[in-house]
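Asks: Sequence and predicted structure, then a few things I'm wondering about:
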Amino acid sequence: MAIPQRLQFTSFSSRIIAWLVLLLLLVLGMVFYSVNRSTYENTREVIDDNLAIGLDVFKRLIEVREENFQATYSAMARDFAFVTAYNTSDYDTMLSVSQNLLGRTENADILMVVDYDYLMVADTQRLYPPESDFPWPYLLEDAEEDENYRASTFILIEGIAYHVVAVPILTPLVDGWIIVGQRLDTSYVTSLKDIISSDVSIIQVSDQGNGQSVATTLAPAQSGELDSEFNMYFAGENPTGMLDLAGEDFVSLSSPLVARPELNLIALIQQSLPEALAPYRALEQRMIVLFALGLCLSAMLAMFLGRSVSRPVLSLARRVGKIEQGDYSVASPSRRSDEIGRLETSVDNMAAGLAEKEKVRDLLGKVVSREIAEELMSGEVKLGGETRQATILFSDIRDFTSLCEGRAPEQILEMLNHYLSEVSTAIEENKGVVDKYIGDAVMALFGAPVSGQDDTNNALNAALAMKSRVDSMNAVNLDNDLPLMKTGIGLHSGEVVAGNLGSANRMNYTVIGDAVNLASRLEALTKQYGADILVSEDTRNQGSGFVYRETDMVRVKGKTKPVRIYELMGKTGQVSQQLQADIDTFETALAHYREQQWDSAFFLLEKLAEDNPDALLYKLFLDRIAAYRKVSPGTDWDGVFTFESK
Amino acid sequence: MDKEFIDNVVMVVAGSYVNFPNSDDIQHHVYSFSDTKSFELPLYSGDEAEPVLFDVPGIAVVGCNIHDWMLGYIYVGESHLMAKSDDQGMAVISDLPAGDYTFQVWHERARRRDQFSTFEVTIPASGTATVELSMDLGRDRRIRRAPTGSGSSYH
């Protein structure tokens, strides 16, 4: 019984836990999600702003460099010595001059001198020999369009990007250009990255839209993927996008540097999203830890809460279970003042109440029999009764008073109680109810207050049981030098009135009626006939499975109707052959007796008496026959013996 | 004058001298790297500069080293048979006998390919032959005058 109950309560506890945990998970989950989302969006915004600023810085740097070069080299181009040297057309000198000029300028990496026919004059890299075609005529074409004959652009030399500026050489006509440039290589983009803290890449875009990084601050693993990830998506209307490089997401902003058929260069400013989110990740982890902790604590709290309810409830259930089974022991008083405490107190009170009732019932059961106690407690207790069919048993101890002689009262009481216990047990075992004790006499009921199918048989069995118990008791008493008790039992079955007899304040549950009186008379007769158990004809007829000896037909005082009486010998099959033979013989003798065939009767009876010298029955009848022989009972004699006194 | 070559195209016959008087109150450094005549008049003021002999026919482009927008042309002709066009664009060569002639046209801004392009003309016996020419001119190959501050002298 305990286990299912326990499971139920555990699930109550766990229900609380489950609901709380669920709720918390929901709330925490929402918090987490919204923090996550807003951080991500915020970070994106910040990155986007950073990239835009970075791009502006980049563009500004290019601009500044341009202005710088133009200013510096315009001055240099006007240097008379330079112009003079230019006019000599001595290439070696020009190269030397160029190299010198280059050396004087910081941040300049190449210098070329080109004439008005777009032919190379000097090249500090010595890649393009004098009088070769200037590889980037469009620069000079742009310069010619400019009012100051200046221009700038980006070029690619051997895979390296250069930002170049052209300034005119005047002799005094525009007669050529100095082209000076800065390398946009890894160190350039790296120094830019140092300023703007974003990754910078310069990408050459082919005609098909494929990208090839020319200079980049990205790690090799990432830049390798950059080329393949890149597409024309960046070259046009969408400057911002996300590139996945080596598993890392890079927010990228692109801006064209130069978009000519000859060369298409794009600057890409990027920031790693995971890197930007890294500080948030730390926060995330802390949040997770805190949330997990909070969840655990809450779960524990919920468990504790659940237990604090389910434990006392469980123990109460156990207590009630005990009460159900009759254990009314009082637990220690409740220490709680809350609802559970009130329940505990109520259960305690209930237990006390039940215990009291039980005590009363017990007591009542002891005073009257249990069944009577139930009967009394079940209905309204008032005077009056009901008519029922019942078998009444009377018994007492023969010559009890002489037994008591010379013995101490305590001893008598002890003997008596022992005897009464035995006899009562025999009665109760056979579903009888002890109605009352009258000194050493016992009155028992079979069929009241509750009637059953086998009331009469029960009574008969009870009588035999009583006899057997007393016999055993006597055997023990014999050994212990205690008096032997002889009982006589009378049984009759008939209509009785069962109910409360007495006054309103003091009443007895009992049965009354003629049947009761007859049973009592029968018991009294046992001594005379020397029988242990005498039953009436009605009882004999209602019972079955027993052996009887018809003893006599009597008319008791106060009644006119004669009654046949029988001696109960035992259960069928338990009577010895000899005894059965005796019974049959006596039956025959009795028949003769009733026919007034004194001789025949006498003959049989004499034989029986001889064989059973202790039997009173035979002697009784022999005496009667002797008396009748003297004084005939008359021709209309019914064979009934009338008792003048009780 | 005023940091410009006034009458910036000067026509002389080979063997003539050309003067470069400086009317500004600052000095100029006049030079030319032309094949026709390379010369240099280092910083001078007023009439300090020596006249320069132009003995080789051709064009000499003259500039000022300080004021790099200053531009002048000396057209050194082989003979006196040359004329400079006026405001209306008319150039007249007189004293030519009748006959067939080939003449060249030069303009400072003419495209290189058009420069010294030749034209045929026949001067009739009776006098004038008029040839109408039009030329596509290229850009001015000089840079614009540098913007000045509030004044060109110290106070």
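Replies: Good, I have the coordinates.
Asks: contacts, neighbours, all on C-alpha from now
Replies: OK.
Asks: Mind telling me what element the closest residue to B:N8 other than its chain neighbours is part of?
Replies: Among residues not flanking B:N8 along the chain, B:G72 sits closest, at 4.4 Å (C-alpha to C-alpha, 6 or more residues apart in numbering or on different chains). Taking DSSP states H and E as the criterion, B:G72 maps to strand B:71-77.
Asks: how distant is the helix or strand following that strand from the center of its chain?
Replies: Later in the chain than strand B:71-77, the nearest helix or strand by DSSP H and E is strand B:99-105. With C-alpha atoms, centre = their mean, to the nearest Å as the basis, strand B:99-105 stands 21 Å off its chain's centre.
Asks: Packing partners of strand B:99-105?
Replies: Under the contact criterion of 3 or more C-alpha pairs under 8 Å, 6 or more residues apart in numbering or on different chains; DSSP states H and E, strand B:99-105 touches strand B:117-123.
Asks: Packing partners of the strand it packs on?
Replies: So strand B:117-123, by 3+ C-alpha pairs under 8 Å, 6+ apart, packs with strand B:99-105.
Asks: buried stuff in the strand it packs on?
Replies: B:V105 (16 or more other C-alpha atoms under 10 Å in any protein chain shown).
Asks: and the residue of chain A nearest chain B?
Replies: A:P172 (4.8 Å; C-alpha to the nearest C-alpha).
Asks: That residue is in contact with B:G63, isn't it?
Replies: Yes - the pair A:P172 / B:G63 is scored as a contact, 4.8 Å apart, by C-alpha atoms under 8 Å.
Asks: Pull up the overlap in contacts between these two.
Replies: By the contact definition C-alpha atoms under 8 Å, 6 or more residues apart in numbering or on different chains, A:P172 and B:G63 are jointly contacted by B:32, B:69-71.
Asks: how about these, which pair is most distant?
Replies: Maximum pairwise distance in those, criterion C-alpha to C-alpha, is 13.4 Å, between B:S32 and B:W69.
Asks: Common neighbours of those two, please.
Replies: Both B:S32 and B:W69 are in contact with A:172, B:63, where contact means C-alpha under 8 Å, 6+ apart.
Asks: Determine which residue belonging to chain B approaches chain A most closely.
Replies: Closest point on chain B to chain A, by C-alpha to the nearest C-alpha, is B:G63, at 4.8 Å.
Asks: can you tell me which residues contact that residue?
Replies: Listed by C-alpha under 8 Å, 6+ apart, the contact partners of B:G63 are A:171-173, B:30-32, B:69-72.
Asks: Likewise for A:Q204?
Replies: Counting by C-alpha under 8 Å, 6+ apart, A:Q204 makes contact with A:211-214, A:263-266.
Asks: From the residues you listed, which land in strands?
Replies: Mapping the contacts of A:Q204 onto strands (DSSP state E) picks out A:211-214, A:264-266.
Asks: what's the angle from the worst-scoring helix or strand of chain B on mean pLDDT to strand B:99-105?
Replies: Lowest by mean pLDDT, DSSP states H and E among the helices and strands of chain B is strand B:117-123, with a mean of 76. Strand B:117-123 and strand B:99-105 meet at an angle of 150 degrees, taking axes from the mean of the first three to the mean of the last three C-alpha atoms, to 10 degrees as the criterion.
Asks: what's the burial count for the closest residue to A:T240 other than its chain neighbours?
Replies: Leaving aside its sequence neighbours, A:T240 sits nearest to A:L253 (C-alpha to C-alpha, 6+ apart; 4.5 Å). The tally of other residues near A:L253 (other C-alpha atoms under 10 Å in any protein chain shown) stands at 24.
Asks: Mind giving me the packing neighbours of the helix or strand hosting A:L253?
Replies: For A:L253, the host element (DSSP H and E) is strand A:248-259. Judged by 3+ C-alpha pairs under 8 Å, 6+ apart, the packing partners of strand A:248-259 are helix A:2-77, strand A:151-157, strand A:240-245, strand A:264-272, helix A:273-324.
Asks: just the strands in chain B please.
Replies: Using DSSP E, the strands found in chain B span residues B:9-13, B:16-18, B:28-33, B:38-44, B:52-54, B:58-64, B:71-77, B:99-105, B:117-123.
Asks: Let's have those strands in TSV, adding distance to A:Y529.
Replies: Output for the strands of chain B, formatted as TSV (distance: least, C-alpha to C-alpha, whole Å):
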stretch	distance to A:Y529
strand B:9-13	189
strand B:16-18	196
strand B:28-33	184
strand B:38-44	186
strand B:52-54	196
strand B:58-64	182
strand B:71-77	182
strand B:99-105	189
strand B:117-123	187
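Asks: Let me see the domain layout of chain B.
Replies: Residue ranges for the domains of chain B, per automatic domain parsing: B:1-82, B:86-136.
Asks: again but with chain A, I slipped
Replies: If you go by automatic domain parsing, chain A breaks into A:9-296, A:380-544, A:570-646.
Asks: Nearest to B:D100 among those domains would be which one?
Replies: domain A:9-296 (35.6 Å).
Asks: wait, doesn't B:G127 sit right on B:G99?
Replies: No - contact criterion C-alpha under 8 Å: B:G127 and B:G99 do not qualify, at 10.4 Å.
Asks: residues of stretch A:527-547 that come out buried?
Replies: For stretch A:527-547, by 16+ other C-alpha under 10 Å, it's A:527, A:529-540, A:543, A:546-547.
Asks: need the residues of the stretch 401-550 of chain A near chain B, please.
Replies: Taking C-alpha under 8 Å from any C-alpha of the partner chain as the criterion, chain B has no neighbours within the stretch 401-550 of chain A.
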